[in-house]
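J.: Sequence and predicted structure are below.
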Amino acid sequence: MNYSSVRFYNGQQPVVYVNLKHRTKVRTYLNLFFRIRNVYDEPIVLKFSVLRMLFLAKWFKELDYLYFEKPFSKLEKLKTFSHSKKDDFVVNFGYKKVYTTDDYQENVLPYIMHPINYLQPEVQVLPKNIGIIMSGNFDKKIYDTKTIEDNFGLLNRWRIYQEVLKHDKLKLVSGDEVIKNLNSGIFNENLILMKWQSGAIPADKWRTYLSSAHFILCAPGMTMPMCHNLLEAMSVGVIPILNYSNWLNPSLKNDVNCLVYQEISDILPIIDKALSLPLEVKTEMANNALKYYKEYYENYSFNVNSELVVLNENINDLK
């Protein structure tokens, strides 16, 4: 690990100060950093610890507004994010309040796409040339576990993947094959499955090529259902097919801005349904998905000093 980019704050201007528990995941920190930076121009200063430096050092190179607190320094704190009730934003990881109701919950920080999407220009949105896309890691050792089923009552990724393999409209492809054949028409009426192990589309070009799909078939992650590819898809007008619609805030609505499956027996029929929907229906649903993303996930204002619920991928925080 290269620590040469790690900085300690020596400035005089007010800062946004962040002091969270050590169990806070890197993606949780990044969620906060990107959302905070979208609202505040001030430097973001973290309470220093060796553990935080180990986890976050690489991001100091990418995020030039990020600093650690210099020991024994006095900071002028514009806003403070911590777990203390005396501070401006009292962070807690109680995301269960979101997935146990369909209604919009205030003071919940929207989850983010893959971090690279916040470090690059706007993506090009392509014409629709793919029926359904499914992409990701499908390693049995990682995803054939009881974590998702026992804690959240949902099918895990491995079981979903095994069922998808049975569909007669399935095409197994690499990222290079998608890019090469995108405009050929061979994917229009099919479900294409792109395993990372077979070669994925580069992350910085992923959303551009993803935008050419009508639907994305989503499966839960390893520890929690929510995955960043769902948000990446909706941000470019791709309709999700998923079994965790209640993990978004507010819940997605079946046949409005998503298609929902629950049981293993639902998977093949819902693929058939997505591939057979009229173009005008798919267009309306895609517009609804994009509108939902823009309203609830594109920005967050921090306009009230209060409790702030943040999704942290730690099983004890999620249950």
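T.: Looks like it came in fine.

J.: Just the terminal-to-terminal distance for stretch 74-94.
T.: End-to-end distance of stretch 74-94 (Cα to Cα, to the nearest Å): 32 Å.

J.: Mind listing what's buried along it?
T.: Applying a neighbour-count criterion of 16 or more other Cβ atoms under 10 Å, one finds 75, 79, 80, 81, 82, 87, 88, 89, 90, 91, 93 buried in stretch 74-94. For every residue, glycine as well, the C-beta is placed using N, CA and C.

J.: With respect to residue 56, which of these is nearest?
T.: Of all the buried residues of stretch 74-94, residue 56 sits closest to residue 81, with 14.8 Å by Cβ to Cβ.

J.: Am I right that that closest one is in contact with residue 16?
T.: Yes - using Cβ atoms under 8 Å, residue 81 is in contact with residue 16, at 7.2 Å.

J.: my read is residue 280 is in a helix, agree?
T.: Yes - assignment of residue 280 by DSSP: H, G, I helix; E, B strand; the rest coil places it within a helix.

J.: what's the burial count for residue 290?
T.: The number of residues packed near residue 290 is 20, by other Cβ atoms under 10 Å.

J.: Grab the nearest non-local neighbour of it.
T.: residue 237 (4.3 Å; Cβ to Cβ, 6 or more residues apart in numbering).

J.: what's the helix or strand for that neighbour?
T.: Assigned by DSSP states H and E, residue 237 belongs to no helix or strand.

J.: That one and residue 211 touch, don't they?
T.: Yes - counting by Cβ under 8 Å, residue 237 touches residue 211, with 6.6 Å between them.

J.: anything in contact with each of the two?
T.: Listed as contacting both residue 237 and residue 211 by Cβ atoms under 8 Å, 6 or more residues apart in numbering are residue 125.

J.: Pretty sure residue 197 sits against residue 140.
T.: No - taking Cβ under 8 Å as the definition, residue 197 is not a contact partner of residue 140, at 11.3 Å.

J.: where exactly do the strands run in the stretch 151-300 of the chain?
T.: Assigned by DSSP state E, counting those that start in this stretch, the strands in the stretch 151-300 of the chain fall at 170-173, 191-195, 213-217, 239-242, 259-260.

J.: Could you list every helix and strand in contact with the last one?
T.: Helices and strands in packing contact with strand 259-260 are listed as strand 239-242, helix 267-276; criterion 3 or more Cβ pairs under 8 Å, 6 or more residues apart in numbering; DSSP states H and E.

J.: partner strands of the shortest one, parallel or antiparallel?
T.: In the sheet containing strand 239-242, the strands it pairs with under DSSP bridges are strand 213-217 (parallel), strand 259-260 (parallel).

J.: if you compare these, which one is most tucked away?
T.: Ranked by mean neighbour count under mean count of other Cβ atoms under 10 Å, these are led by strand 213-217, which reaches a mean of 26.

J.: Let's have the strands paired with strand 239-242 in JSON lines, adding distance to residue 58 and mean pLDDT.
T.: Below are the strands paired with strand 239-242 laid out as JSON lines (distance: least, Cβ to Cβ, whole Å; pLDDT from 0 to 100):
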{"stretch": "strand 213-217", "distance to residue 58": "28", "mean pLDDT": "98"}
{"stretch": "strand 259-260", "distance to residue 58": "37", "mean pLDDT": "98"}
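
J.: in the stretch 1-150 of the chain, which spans are helices?
T.: In the stretch 1-150 of the chain, the helices defined using DSSP state H, counting those that start in this stretch lie at 26-37, 50-62, 96-99, 140-143, 147-152.

J.: Looking at these, spot the one closest to residue 305.
T.: Comparison of those against residue 305 by Cβ to Cβ identifies helix 26-37 as nearest, at 13.7 Å.

J.: contacts for the closest one?
T.: Counting by Cβ under 8 Å, 6+ apart, helix 26-37 makes contact with 16, 18, 20, 44, 55-56, 59, 63, 65-66, 81, 93, 109-112, 115, 118, 300, 302, 310-313, all of which sit outside it.

J.: These in strands, which ones?
T.: Among the contacts of helix 26-37, the members falling in strands (DSSP state E) are 16, 18, 44, 66, 81.

J.: By neighbour count, which of those wins?
T.: Top of the ones in strands among the contacts of helix 26-37 by neighbour count (other Cβ under 10 Å): residue 16, with 25 neighbours.

J.: Quick check: that residue vs residue 89, distance?
T.: 10 Å (Cβ to Cβ, to the nearest Å).

J.: shared neighbours, these two?
T.: 79, 80, 81.

J.: In contact with residue 224, which residues?
T.: Applying Cβ under 8 Å, 6+ apart to residue 224 gives the contacts 148, 152, 247, 311, 313, 315, 318.

J.: Then residue 137?
T.: 143, 195, 196, 197.

J.: Could you pick out the buried ones from the residues you listed?
T.: 143, 195.

J.: Out of the strands of the stretch 151-300 of the chain, which is closest to residue 38?
T.: strand 239-242 (23.5 Å).

J.: Can you show me the CA trace of the closest one as PDB?
T.: Output of strand 239-242 as PDB, limited to C-alpha atoms (Å, rounded to 0.1, in the frame of the first residue of the first chain):
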ATOM      1  CA  ILE A 239     -35.200  -1.200 -15.600                       C
ATOM      2  CA  PRO A 240     -34.200  -3.500 -12.700                       C
ATOM      3  CA  ILE A 241     -35.500  -7.000 -12.300                       C
ATOM      4  CA  LEU A 242     -34.800  -7.800  -8.600                       C
END
